[in-house]
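**Q** okay, predicted coordinates and the sequence, questions at the end:
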Amino acid sequence: MSVNAMLSAIGSGDAVKQAVGIKLLSKTNDAQTAQANVMLQDFAKSQQKISAAASATPHLGQNIDVRA
């Protein structure tokens, strides 16, 4: 169900449609929040791996060798 359909159900005069629309909107919001949390945790893990790799080779990428 699309967000527009949920919002229109909330705005309708029917109490059952309003309750279902609000519940679906809440569940959608919860799912998006959970997905964002997973994404941020994965990003933090990736940053830790990058930092660990950078500390293992502290001079990597500081000098560039150019050959003619």
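**A** Structure received. Residues are numbered from 1 along each chain as shown.
**Q** give the residue spans of the chain that score low on pLDDT.
**A** Low-confidence segments of the chain (pLDDT under 70): 1, 3, 6-7, 9-10, 12, 60-61.
**Q** all helices for it, in order.
**A** 3-11, 15-56 (DSSP state H).
**Q** reformat the ones you listed as a markdown table; add distance to residue 64 and mean neighbour count.
**A** The C-beta positions use only the backbone N, C-alpha and C, and glycine is treated the same way. A markdown table is the format used below for the helices of the chain (distance: least, CB to CB, whole Å; neighbours: other CB atoms under 10 Å):
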| stretch | distance to residue 64 | mean neighbour count |
| --- | --- | --- |
| helix 3-11 | 49 | 13 |
| helix 15-56 | 17 | 11 |
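**Q** with distance to residue 62 added, can I get those helices in JSON lines?
**A** Below are those laid out as JSON lines (distance: least, CB to CB, whole Å):
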{"stretch": "helix 3-11", "distance to residue 62": "49"}
{"stretch": "helix 15-56", "distance to residue 62": "11"}
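**Q** out of those helices, which comes closest to residue 66?
**A** Of all those, helix 15-56 sits nearest to residue 66, with 22.8 Å by CB to CB.
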